[in-house]
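K.L.:
What shape does this take:
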Amino acid sequence: MRLDKFLQTSRIVKRRTVATELCNRGRVEVNDRPAKAGRALIVGDTVSLSFGSDGRLVCRVLDLPTRGIRKEEAAGLYEVVIDTRAGPQQVG
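P.N.:
Next up, the predicted model:
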């Protein structure tokens, strides 16, 4: 499955055009290498998205759907490894 399609199907980004734009700007890496929107993903790949000053999201691909999926099933396609978008976590 194409990287931009996976990002949209998994609901990590809302629209495929946004996913493509992130790739074109060099803000998406797969397995620690810059990736284009058309890059084919496989199960086990690590996808890293940089949102600039808004943080970073790193996730591992768990499944690649062959058809459209429901919103409730989307979170099962990936596992979050690092998520710094919400800022530092507070202890206490």
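K.L.:
just the strands in this structure please.
P.N.:
Here the chain has its strands, by DSSP state E, at 28-30, 33-34, 46-50, 56-61, 78-83.
K.L.:
who wins for proximity to residue 21 among these?
P.N.:
Each of these has some distance to residue 21 by Cβ to Cβ; the shortest is strand 28-30, at 9.9 Å. To be clear about C-beta, it is placed using only N, CA and C from the backbone, and glycine gets the same treatment.
K.L.:
Now do the buried residues in the longest helix seen in the chain.
P.N.:
Ranked by residue count, the top helix of the chain under DSSP state H comes out as helix 16-24. The neighbour-count check on helix 16-24 (16 or more other Cβ atoms under 10 Å) flags 16, 19, 20, 22, 23 as buried.
K.L.:
Tell me which of the strands of the chain lies nearest to residue 69.
P.N.:
Across the strands of the chain, closest to residue 69 is strand 78-83 (Cβ to Cβ), at 12.2 Å.
K.L.:
Residue 15 and residue 3: what is the separation?
P.N.:
Counting by Cβ to Cβ, to the nearest Å, the separation of residue 15 from residue 3 is 14 Å.
K.L.:
Which one of the buried residues of helix 16-24 is nearest to residue 62?
P.N.:
Nearest to residue 62 out of these is residue 19 (Cβ to Cβ; 18.2 Å).
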